[in-house]
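Visitor: how does the following fold in three dimensions:
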Amino acid sequence: MELAVKSCILFVYKKSIHNTTDRYSFLTGDMHHANDDIPDSFPVVDPYDDPHTPGCTTLTLTVAMYDIMVSGLKSVEYRPNTPYYRNRLYDSHGRLKIEMIKFGKAYLKNRPSFYRSIDYITIVHEVDQWYGNVHVMFPYSSHGYFAIHFVQ
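Guide: Prediction:
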């Protein structure tokens, strides 16, 4: 597996329930783990949130990416840094509001799914990776992409 992330980390969102005014950790490289200071429950504000698992949201993968994630080759999921994904991952104070992600296989009826616990999230500006014969490439973006790292 070749891994070439062609960008540095711009900033890491900080998850802290004790200091609600400290939203970001700019250029410090601090990795704030998803299991630190997690509240017992979260309000369900997103239609994709799993109401049976507080602190969990659902993301859909293509069939090829689903198979790669299930096999364990891929331990990082990339999503665009847009208001849509920021609202799904973080609360209004910049704290991580989920601790795991439920991945579904494409848009199949009765689709299979699995859960992964989040280790930490960083932001990268460009992605170029190979997983076997599947190429994952996101071109340079000034807003960047969320790199969601999972617990191994």
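
Visitor: which element follows the longest helix anywhere in the chain toward the C-terminus?
Guide: Taking DSSP state H as the criterion, the chain has its longest helix at helix 63-71. Heading C-terminal from helix 63-71, the first helix or strand you meet, by DSSP states H and E, is strand 76-80.

Visitor: enumerate the positions of the longest strand along the chain that are buried.
Guide: Counting by DSSP state E, the longest strand found in the chain is strand 113-124. Buried residues in strand 113-124, counted by 16 or more other CB atoms under 10 Å: 116, 117, 118, 119, 120, 121, 122, 123, 124. Any C-beta I mention is one placed from the backbone N, CA and C, and that applies to glycine too.

Visitor: can you pull out the strands in the chain?
Guide: According to DSSP E, the strands that the chain contains are 2-4, 11-13, 24-26, 56-61, 76-80, 100-105, 113-124, 127-131, 134-138, 145-150.

Visitor: how about the contacts made by residue 104?
Guide: For residue 104, the contacting residues are 58, 59, 60, 61, 66, 111, 112, 113, by CB atoms under 8 Å, 6 or more residues apart in numbering.

Visitor: same question, residue 80
Guide: Contacts for residue 80 (CB under 8 Å, 6+ apart) come out as 141, 143, 145, 146.
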